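# 3D model of this:
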Amino acid sequence: MKNYPRIHSLGAVNIIHHQSFDYDFHPFRTDFTGDSGVGKSIITDLIQLIIIGSTEYESSTKGQDDRPFNTLVIESKEKGDFGYAYLNVEVEYKKYLLIGCYIERNSKKSQSFIIQSSLDFEKDQFEPFDKVIRVDDFEENNKWLSLNDFDSKMNQSENYGCKIYNVFRDFHQALSNNNLLPIDIANSKSNLKDYAKILQAFARKGISIKGDVQLQEFLFGKDEQYFYYNEYQDTVKQLEDTVALHRKNKKEIETMKSKAASLQTLYDLKKLKDAAEKEFIVIDWSYQKQLLKTLNVTIKNTLKNYFKARSVILNLNKLKTQKLKECEIEISEIQPQFDELQLKFTDIKSRLEFVENCNKIISQLNLASIVELEHVLRNVAKEKRFKESLVILKRVLDQLNILDLFASFDYSEGLQPVLKKVEHRVDTISKKLLLSRELLKFNDFENPESLSYWILERNKPCTLKEESVLRHFQTLKTIEPIFPKKGDKFISNPEEIINQLSKEDTNKDSEGLWLNLSGLKVYIKLIEKEKQIFNVNDNTKIKEHLLQSRSRLRIEVENYETKLNKLEVLQSFLIDDILNIPDAIPAWISQDQLTIPDEIYNVALKVIEVDYKEKMVDISLHEKIRSDHKSLGKKISSLKTKLSNLRVIQQQLPTIETVELDLVDQHILHCAETFKVSEKPEEIRLVFDEKLFALEFQKEYNFHKKVLEDIISLSSWLDDKRSIEDRILEIETNYGEYIPRDANPSVKEIDFNDSEKKHENAKKKYSEQFKGILIGNQIDEEINQFGKDQNFLDLVRVLLPQELFRDISFDESAVVPKIMEYLEKINDANARINQNKLIKIRDLLQKLQSKVNSQVSHCKRINAFLKEDYAQITSSNKASLKSKLRDDISLEWISDFLTSLSQLEYGLFERDNSLTSKLEELPTLEEKILLAYKEHSKAPMTNPKVKELLNPYSYYTLDYKLVTQNGKKNSGSTGQTYTSLALLCIAKLSLIKEKNNLDNRALRFLSIDEAEGIGSNFDTLKDIALEYDYQIISLGINPNKLSESNQYIYRLSKREDEERINHHPSVILCEW
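So this is what the prediction gives:
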């Protein structure tokens, strides 16, 4: 499992094959599978581009054409010809930083950016955020945001801050500062190129290491072979400078002058700080004295209020019990009086209402006497009876659904004439109903018994006479009745009747004829010619007419039946039920003749509710009754109010929660004694308004209960008192000399705050200058040794040379003058510094010698790494890196040359002895180096060059190969060769990390392309990844070496309908 930091997810926006996908990475292993051409290798290209940038980017895949980074963007006019690739890096549990790159199709350079949770990018360590950023965050209104718009969106959000880096070096430095790189690629272009090659090599882009120098350059960088020669040339140039030119180097002088100016400023700020401190001490002492006085008053008043509240609470408890008893007694006394008066009041009120109603009737109707009033009242009583009967009558008629029918008759002549009319109407409608039913039977042409059925079966048109005869007998059937009764008739053979028409009969007129039926002559009225229906030989048409006639007859039958039913119900009601409703008919007749106005009628109804004849005498006693009513009303209102108040007290007072007081705490008693407060205050008389007794009682009780609770603050106030007293004592003990005898103990809070602020500002300025001096002189890591007081003389001891500090007393004002004296001494000594320059040549060769030994040693360590069991390659093969020191360029000549340099006289650069005069007797430095090489080498080269002799790669050779278990060289398969190169890359990264003493935390990942092709070597790389804290990114057509709960697997697939566009990937998440 990869430790933090690690890749949490890779996101792509508008990138070919990965158009808008987020891929979450497993902490250890993430596989991408799918057929060729689905964009698997683009995954590693995107990660490389994000970290390295476009300058050193090369696609890891060998294709038919190059794949420049800007061709990774999908051509999209709708959403923009640009894209993003980004990594959410988990730097600690569920804490993330985002690093990403912005790619434009028309740009030759990508742009890097970083997102954190803060807008402060000046700090080295960034602040991670909690919620990972996804593809959706780059989109707005269905369009991808440009980099500037995305930057603005992030910086305006509450949770994120974004910075765009125009220079990759700054971006790489930020990554290094936050432990996201395994090597420093910000300050070394060689390291940047090497790291890019390593990432490409991991993804199966080969590295050329066939030659010694190529392998050495890969392991240690190209710059190493020129470093010492360049330093040699600089040294030679320094040696050729004149002493006069060297004296011009005033760097130390300038440094000391800068220190003197900084210390002078610091000293001035210290004087201001000391003055502000003295002023604040005096004001602080006075302010604390004032606070102490106020706090003593507060504590004393709190104790007084506490004991007063206890006394009131005890009295209220007693008052509650006493008041409830008093209420009970008063209610028992007042209630009988109230009940008695209530009865009297009810009677007098009734009499008053009677009199006032009578007077109102008299006034409204302008009546002259009581007799006229009684007449009106009798009419009202009669009208009341009629209205009640009318309501009952209408309700019954409504229930029987005959109200409209009932109203259609005139009842002014009594009930009997109406009954006769109803009976006549019943008879008439019954006959019509019977006829309609018979005609309905004639029209039933489907019934074999009907004449219409016979006519249709006859299938012959009828003449006007024939149809008139048949329509005349249309109600008769053609079948003999089964149960005949008197008067029944039927036509056994209609044809016989038709035949009778052939006989001449003079007894006819224009409207009809006489039909002779065996001596019975029947007058037949001729139908109108246009109303004939049987005069055609078209049965369909005849049936249609009969159907229409039948529908009409059925409606007639229904209407007659409904009318007949209602008439019969009305007839039954008039005969049997109407007499049960008193005055029903008179009330119906007079309903529109009621003349008494509603206003008088309603008043009169109230009068006749009682026996008004006996009460008529009260009309003359109107004023007395009114006076008695008013007097009783006042008495009842007073008693009612009092009873109401008492009952409210009875209901509410018991609900008020009271408390039983404990004994006073000894601590409080001790405080009361200290502050001379009596625990027995004067008794307070409690008086409450009867109307609001419970409310005022509750309010008073709560107030004093709150006062009791406030005593809890006493302990805090006592602590504050002790704290203030301690502060006063501290000031008087440590700064007693600052406090004048006439100091004013009265200080406003604003004056105290101003003085404190002034003091803090002076301290802050002094501290900032103090820290600025430390930072400016690159000794800020020693800031903790100065403590909080940041002593001026302690800083001087650290900042100035010991030689100078020995002559400085503890008088702070003497510091700057002594520095100026020291500067003069430095200026005189600079002339003699040149004699040390030759030592640089010695140091250069010593470093060269050390570098060669270090590189050879590192190669041995790499070889030891390759021999480890977990680094074994398939078929028991292992990678081998052997270093061999050369005989023609050995390290021996360097040792001898260093020995000769140590014997040089230091007087070489005295002012009267120039470099040129010395070199006339001794060889040049180049000649001396070449001579020493030839004299101390076993097999020297014929024509060596200084540049070659100062190249550490010239002193040894390297041999990197794949060997079998027996040590024999093996050319190796493709998978074995890849594995050996991957192991070498991991070894190089570890080498650089150790060389630079880097923090072990970093993003480390091993992207393995065509993972199936390396076979069981995958297990080797997996073990190495676990050992050296790598994440694995596996790319292949099919899943390889599955491991439960230890990997994520993505399946990529192309869309057939669009070029370079994938379906959304399917994924298997093996949770860890």
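
# can you pull the domain assignment for the protein?
6-181+1003-1069, 212-248+834-996, 415-578, 754-832 (automatic domain parsing).

# sec struct for Phe386, please.
For Phe386, the secondary structure call by DSSP: H, G, I helix; E, B strand; the rest coil comes out as helix.

# and for the one 3 residues further on?
At Ser389 the chain is in helix, as set by three-state DSSP.

# redo the domains of the chain as CSV? Include mean pLDDT, distance to Val312 and mean neighbour count.
No exception for glycine: its C-beta is placed from N, CA and C like everyone else's. Conversion of the domains of the chain to CSV gives the following (pLDDT from 0 to 100; distance: least, CB to CB, whole Å; neighbours: other CB atoms under 10 Å):
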stretch, mean pLDDT, distance to Val312, mean neighbour count
domain 6-181+1003-1069, 89, 54, 18
domain 212-248+834-996, 72, 80, 16
domain 415-578, 78, 81, 14
domain 754-832, 71, 43, 14
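
# and the helix or strand encompassing Leu215, what does it pack onto?
Assigned by DSSP states H and E, Leu215 belongs to helix 212-220. Here helix 212-220 touches helix 224-240, helix 837-866, strand 956-963, helix 974-996, going by 3 or more CB pairs under 8 Å, 6 or more residues apart in numbering; DSSP states H and E.

# excluding chain neighbours, what is closest to Lys465?
Leaving aside its sequence neighbours, Lys465 sits nearest to Leu501 (CB to CB, 6 or more residues apart in numbering; 5.2 Å).

# hmm, back to that, make a markdown table out of the domains of the chain and add distance to Lys630.
Shown next, in a markdown table, are the domains of the chain (distance: least, CB to CB, whole Å):
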| stretch | distance to Lys630 |
| --- | --- |
| domain 6-181+1003-1069 | 76 |
| domain 212-248+834-996 | 111 |
| domain 415-578 | 52 |
| domain 754-832 | 75 |
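
# phi, psi of Asn1062?
Note on Asn1062: backbone dihedrals following degrees, to the nearest 10 are phi -100, psi 160.

# please compute how far the longest helix along the chain lies from its chain's middle.
For the chain, the helix that runs over the most residues, judged by DSSP state H, is helix 251-365. How far helix 251-365 lies from its chain's middle: 41 Å, per CA atoms, centre = their mean, to the nearest Å.

# separation between the residue lying closest to Glu127 once chain neighbours are set aside and Phe897?
Leaving aside its chain neighbours, Glu127 sits nearest to Ser118 (4.3 Å; criterion: CB to CB, 6+ apart). Distance, Ser118 to Phe897, by CB to CB, to the nearest Å: 56 Å.

# who touches the residue nearest to Glu127 in this structure?
Phe126, Glu127, Gly161 (CB atoms under 8 Å, 6 or more residues apart in numbering).

# A strand includes it, no?
No. Judged by three-state DSSP, Ser118 forms no part of a strand; its state is coil.

# and it, how close does it get to Thr235?
Ser118 is 47 Å from Thr235, by CB to CB.

# same question for Val73.
To Thr235, Val73 is 51 Å away according to CB to CB.

# what does Leu885 give?
In terms of CB to CB, Leu885 sits 26 Å off from Thr235.

# with Phe307 instead?
Relative to Thr235, Phe307 is positioned 93 Å away (CB to CB).

# so which residues of the stretch 501-650 of the chain form strands?
In chain order, the stretch 501-650 of the chain shows strands spanning 512-517, 520-525, with DSSP state E, counting those that start in this stretch as the criterion.

# His22 against Val135, yeah?
Not quite, residue 22 is Asp, not His. Yes. Here Asp22 reaches Val135: they are 5.6 Å apart, a contact under CB atoms under 8 Å.

# who touches both of the two?
Counting by CB under 8 Å, 6+ apart, the contacts common to Asp22 and Val135 are Gly11.

# identify the residue spatially nearest to Leu1006, adjacent ones excluded.
Tyr1030 (4.7 Å).

# typed the wrong thing, it's Pro940
Using CB to CB, 6+ apart, the nearest residue to Pro940 is Lys934, at 4.8 Å.

# the helix or strand hosting the one you found to helix 224-240, inter-axis angle?
For Lys934, the host element (DSSP H and E) is helix 925-936. Relative orientation of helix 925-936 versus helix 224-240 (axes from the mean of the first three to the mean of the last three CA atoms, to 10 degrees): 120 degrees.

# who's in contact with Asp35?
Ile1037, Ser1053, Lys1054.

# and the gap between it and Leu314?
Plainly put, Asp35 is 94 Å away from Leu314 if you go by CB to CB.

# do the same with Leu1021
88 Å.

# swap in Leu695?
Distance, Leu695 to Leu314, by CB to CB: 21 Å.

# ok, the residue nearest to Lys840 when sequence neighbours are not counted to Leu848 distance?
Sequence neighbours aside, Thr235 is the residue nearest to Lys840 in space, at 4.7 Å (criterion: CB to CB, 6+ apart). In this view, Thr235 and Leu848 are 12 Å apart by CB to CB.

# now Ser350
Using CB to CB, one obtains 134 Å as the distance from Ser350 to Leu848.

# same check, this time on Gly1036
Where Leu848 is concerned, Gly1036 sits at a distance of 47 Å (CB to CB).

# and if you look at His8?
45 Å.

# how about Lys788?
Separation of Lys788 from Leu848 (CB to CB): 49 Å.

# so what touches stretch 968-979?
For stretch 968-979, the surrounding residues in contact (CB under 8 Å, 6+ apart) are 204, 873-875, 877, 879, 961-964, 980, 1013-1015, 1017, 1020-1021.

# in helices, which of those residues appear?
Reading helices off those with DSSP H, I get Ser980, Asn1017, Thr1020, Leu1021.

# how about the second one, nearest residue that isn't a chain neighbour?
In this structure, Asn1017 finds its nearest non-sequential neighbour in Thr979, 4.0 Å apart by CB to CB, 6+ apart.

# ok, the one you found to Asp194 distance?
Thr979 is 20 Å from Asp194, by CB to CB.

# go on, Pro586?
With distances taken as CB to CB, Pro586 is found 127 Å from Asp194.

# sorry, back to before: out of the domains of the chain, nearest to Tyr287?
domain 754-832 (8.6 Å; CB to CB).

# and the residue nearest to Asn178 when sequence neighbours are not counted, its phi and psi?
Distances taken as CB to CB, 6+ apart put Phe126 closest to Asn178, at 5.5 Å, once the chain neighbours are dropped. Dihedral pair for Phe126: phi -80, psi 160, per degrees, to the nearest 10.

# is it true that Phe126 touches Gln116?
Yes. In this structure, Phe126 is within contact of Gln116 by CB under 8 Å, at 4.0 Å.

# name the residues contacting each of these two.
Counting by CB under 8 Å, 6+ apart, the residues touching both Phe126 and Gln116 are Leu97.

# thinking again about what came up before, relative to Ser850, how far out is the residue nearest to Lys840?
For Thr235, the distance to Ser850 - CB to CB - is 17 Å.

# now do Cys985
Taking CB to CB, one finds Cys985 at 26 Å from Ser850.

# same thing with Asp538?
Asp538 is 135 Å from Ser850, by CB to CB.

# swap in Ile1008?
37 Å.

# measure the residue nearest to Asn1017 to Arg29 for me?
16 Å.

# which other helices and strands contact the helix or strand where Val89 lies?
Here Val89 sits within strand 82-92, counting by DSSP H and E. When contacts are defined as 3+ CB pairs under 8 Å, 6+ apart, strand 82-92 packs onto strand 6-13, helix 40-52, strand 95-104, strand 143-144.

# next one: the helix or strand just after the shortest one to chain centre, how far?
Think strand 143-144. Of the helices and strands lying after strand 143-144 in sequence (DSSP H and E), the nearest is helix 147-156. Remark: helix 147-156 is offset 20 Å from the chain centroid, using CA atoms, centre = their mean.

# what inclination does helix 147-156 have with respect to strand 82-92?
Using the same axes, to 10 degrees, helix 147-156 lies at 30 degrees relative to strand 82-92.

# dump the residue contacts of Asp1023.
Tyr870.

# how distant is the helix or strand containing it from the center of its chain?
Asp1023 belongs to helix 1017-1027 when assigned by DSSP H and E. A distance of 43 Å separates the centroid of the chain from that of helix 1017-1027, by CA atoms, centre = their mean.
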